[in-house]
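Enquirer: turn this into a model:
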Amino acid sequence: LISENSHAHNYVKFHPAQTCEERKAIIGSFKKNHKQVEVMSDDIPMEYIIIQFKNLTFVGFTSSLLYYAHDFGHKVICKETLLLKASNEFRNYLDTCGFQTFAETYSDV
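Expert: Numbers count the residues shown, from 1 in each chain. The predicted model follows:
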């Protein structure tokens, strides 16, 4: 995900539940790909960033923030298909809960 979608300079907003180990691994992946990364504080609500700025690019898997960013006209790269291929647990969750994927919600992607 990082090697295919990152730029020279990137901003990362972690989910508050992500562990220190997960965060270090993600930051390490940016560094491994020779990309600069700036971690946004957990205190900054992404919804505020989404409504205050224009023409940003958001990359992720299944975050509701991707839906919100799409609705506000930002470019969204949703890689939920990678998660669907890699995780039986996630596929079962979709089947059980009836969760509508990003691609199902937005036919223009």
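Enquirer: neighbours of Gly60, how many?
Expert: Using other Cβ atoms under 10 Å, Gly60 has 20 neighbouring residues. C-betas here are computed from N, CA, C, even on glycine.
Enquirer: and what of the one 10 residues further on?
Expert: Taking other Cβ under 10 Å as the criterion, the count of residues near His70 is 19.
Enquirer: nearest spatial neighbour of it, skipping sequence neighbours?
Expert: Val76 (4.6 Å; Cβ to Cβ, 6 or more residues apart in numbering).
Enquirer: ok, now which ones touch the one you found?
Expert: Listed by Cβ atoms under 8 Å, 6 or more residues apart in numbering, the contact set of Val76 reads Thr57, Phe58, Val59, Leu66, Ala69, His70, Phe102, Val109.
Enquirer: what's near enough to touch the nearest residue to Met40 once chain neighbours are set aside?
Expert: Distances taken as Cβ to Cβ, 6+ apart put Lys13 closest to Met40, at 4.5 Å, once the chain neighbours are dropped. By Cβ under 8 Å, 6+ apart, Lys13 lies in contact with Val39, Met40, Ile44, Met46, Ile49.
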